[in-house]
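S.K.: I'd like to go over a predicted model; first the sequence, then the structure.
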Amino acid sequence: MKFCTAALVISLGSVAAFNPAFVGKTSTALNAAAVQMTRFDRLKKSYKGPKVETSDAGLDFSYDDFAAAVAETDYAFNRNDVVKGVCVEYDKAGGAIVDIGAKASAYLPFAESALIQEQGDSIENLVNLDEDMEFQIISDEDENGQLLVSVRRIQYRQAWEKVTAQQASDEVFDAKVIAVNRGGAICSVQGLRAFLPGSHLTGQLPTEDLIGQTLPLKFLEVNQEGNKLVVSNRRAVVEQQMADLSRGDIVEGVVKALKPYGAFVEVGGMSGLLHISQISYDRIDDLEKVLQPGLQVKCMIIDHDKVNGRIALSTKTLEPEPGDMMKDPSKVFDMAEETAKKYHERMEQERKAREEAARDIVLGLGDSLDDLGVNGDDEEGSASSDPLADVSDNLDSLLS
């Protein structure tokens, strides 16, 4: 076959050399000879492979059911969707590879691995391998079909839910100070940054020494839409201390301000009023001669308002002798506990005396009524013992 083809080509070439008009026909013949297929090529082209017969006998579903289930399954992964997945590998860049069932593995950046991240934390400390977790998709697919996912954003929403519930219950909670500024301090509450105004900080100033301390707090404002969280240390301290305070207790405080009607004394973060009439038994014409701002004082609680965190104070009840606050205030403070004890004993004696007097009055009235009953029996007999005996039950007689 090959020999015949070669001979044909040689003969055609010879003819073309002596007959130029025959060149076109020669080219066509050569192309036809070149594309001529062999028997093996023809068999290969027509071969369809071994015939495989499929059957769904013995199965709970048919191939049509399987095809329909695949068609109905939604494999779309959209931005902001929350999906379940598993971290399968830590990445050298600091993130993690996550299997969420997509056509390509998702990527969890370190910054999105947790809401609370301490200095020095690594991805190994924040997420575990082969552990089912929820992830939020935060990007569209890139050219490789990979998605970015986040754990931090899920924890962020959960933190706001917890904070809102805490505000509704108005409970006291502890939080760590993580930073300070000119206006106050920044605290970490459920991983969120909360502002603690300096005016609501009890017993200390917002300095660098405050960083790292854990303080009792209560909420002043919770605004998720405005991303605003304001807390108060003063409210928490006042509530805790007011629960332990009662009338007659001796407390220590610092004079903060003087007013014409008295002095304001800070007692454990609370502001108490020491009225001018409660400073001394003697009349005070010039308050500044007795008290000055910054003076350490001891006072007795004579009244309190636990709801609003207000207390009324007195030093005159601690005077060993009337007028001692005018003459020697330090003596009053040094003997405060001893004087208070005597004051309470005197008050108890006066209380018992009042009770005795009241009981005597009641008993005296009883004796008087008995005497009136005896005299009535002697003069008018038993029929007149009823004070309503002479009153007629006939309404017509009353109206006539």
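M.R.: Alright, I've got the coordinates.
S.K.: did I read that right, Pro322 in a helix?
M.R.: No: applying DSSP: H, G, I helix; E, B strand; the rest coil, one finds Pro322 to be coil, outside a helix.
S.K.: Any idea how many residues pack against the residue nearest to it when sequence neighbours are not counted?
M.R.: For Pro322, ignoring the flanking residues on the chain, the nearest one in space by C-beta to C-beta, 6 or more residues apart in numbering is Tyr281 at 3.6 Å. From N, CA and C alone the C-beta is placed, and that goes for glycine too. Tyr281: 15 surrounding residues under other C-beta atoms under 10 Å.
S.K.: before we move on, what about Pro320?
M.R.: 14.
S.K.: pLDDT score assigned to Val231?
M.R.: Looking at Val231, its pLDDT is 93.
S.K.: thought it was touching Pro216?
M.R.: No: counting by C-beta atoms under 8 Å, Val231 stays clear of Pro216, with 9.9 Å between them.
S.K.: Show me where the stretch 301-400 of the chain has its helices.
M.R.: 324-327, 329-334, 336-380, 395-399 (DSSP state H, counting those that start in this stretch).
S.K.: From the contact counts, what lies against the shortest one?
M.R.: When you say that, I think you mean helix 324-327. On a contact count with 3 or more C-beta pairs under 8 Å, 6 or more residues apart in numbering; DSSP states H and E, helix 324-327 meets helix 329-334.
S.K.: Just the CA coordinates for the helix it packs on, please, in CSV.
M.R.: Output in CSV follows, covering the C-alpha atoms of helix 329-334 (Å, rounded to 0.1, in the frame of the first residue of the first chain):
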residue,chain,number,x,y,z
PRO,A,329,-13.1,68.8,116.0
SER,A,330,-10.2,66.2,116.3
LYS,A,331,-11.4,65.2,119.8
VAL,A,332,-14.9,64.6,118.3
PHE,A,333,-13.4,62.3,115.6
ASP,A,334,-11.1,60.5,118.0
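S.K.: Identify the residues contacting that helix?
M.R.: Helix 329-334 is contacted from outside by Val290, Leu291, Gln296, Val297, Lys298, Thr315, Leu318, Glu319, Pro320, Asp324, Met325, Thr339, using C-beta atoms under 8 Å, 6 or more residues apart in numbering.
S.K.: quick one, what contacts the residue nearest the centre of the chain?
M.R.: The C-alpha lying nearest the average C-alpha coordinate of the chain belongs to Val163 (C-alpha atoms, centre = their mean; 2.3 Å). Counting by C-beta under 8 Å, 6+ apart, Val163 makes contact with Val189, Gln190, Leu192, Phe219, Val222, Leu229.
S.K.: Next, the fifth one: secondary structure please.
M.R.: Pointing back at Val222 there. Recorded secondary structure, Val222: strand (three-state DSSP).
S.K.: Skipping adjacent residues, who's closest to it in space?
M.R.: For Val222, the spatially nearest residue (C-beta to C-beta, 6+ apart) is Gln167, at 4.6 Å.
S.K.: How about the fourth one?
M.R.: What sits nearest to Phe219 in space, not counting adjacent residues and going by C-beta to C-beta, 6+ apart, is Gln167, at 4.5 Å.
S.K.: re the thing from before, can you tell me which residues contact the residue nearest to Pro322?
M.R.: Tyr281 neighbours (C-beta under 8 Å, 6+ apart): Lys316, Glu319, Pro322, Gly323.
S.K.: which of those tops the neighbour count?
M.R.: Counting neighbours by other C-beta under 10 Å, Glu319 comes out on top of the contacts of Tyr281 with 25 neighbours.
S.K.: Can you tell me how far that one is from Glu338?
M.R.: The gap separating Glu319 from Glu338 is 12 Å, by C-beta to C-beta, to the nearest Å.
S.K.: Same check on Ile311?
M.R.: According to C-beta to C-beta, Ile311 and Glu338 sit 22 Å apart.
S.K.: If you count surrounding residues, which of these two has more?
M.R.: Ile311 (27 against 11).
S.K.: hang on, Lys84 packs against Asp132?
M.R.: Yes: with contact defined as C-beta under 8 Å, Lys84 counts as touching Asp132 (6.1 Å).
S.K.: So which of the two has more stuff around it?
M.R.: Between Lys84 and Asp132, counting by other C-beta under 10 Å, Lys84 is the more crowded of the two (11 against 8).
S.K.: quick one: secondary structure of the more buried one?
M.R.: What three-state DSSP gives for Lys84 is strand.
S.K.: How about Val86: what's its closest non-neighbour residue?
M.R.: Here the residue nearest Val86, using C-beta to C-beta, 6+ apart, is Asp99, at 5.2 Å.
S.K.: quick one: contacts for the one you found?
M.R.: Applying C-beta under 8 Å, 6+ apart, the residues contacting Asp99 are Gly85, Val86, Val88, Ser105, Ala106.
S.K.: mind running it again at 7 Å?
M.R.: Gly85, Val86, Val88, Ser105 (C-beta atoms under 7 Å, 6 or more residues apart in numbering).
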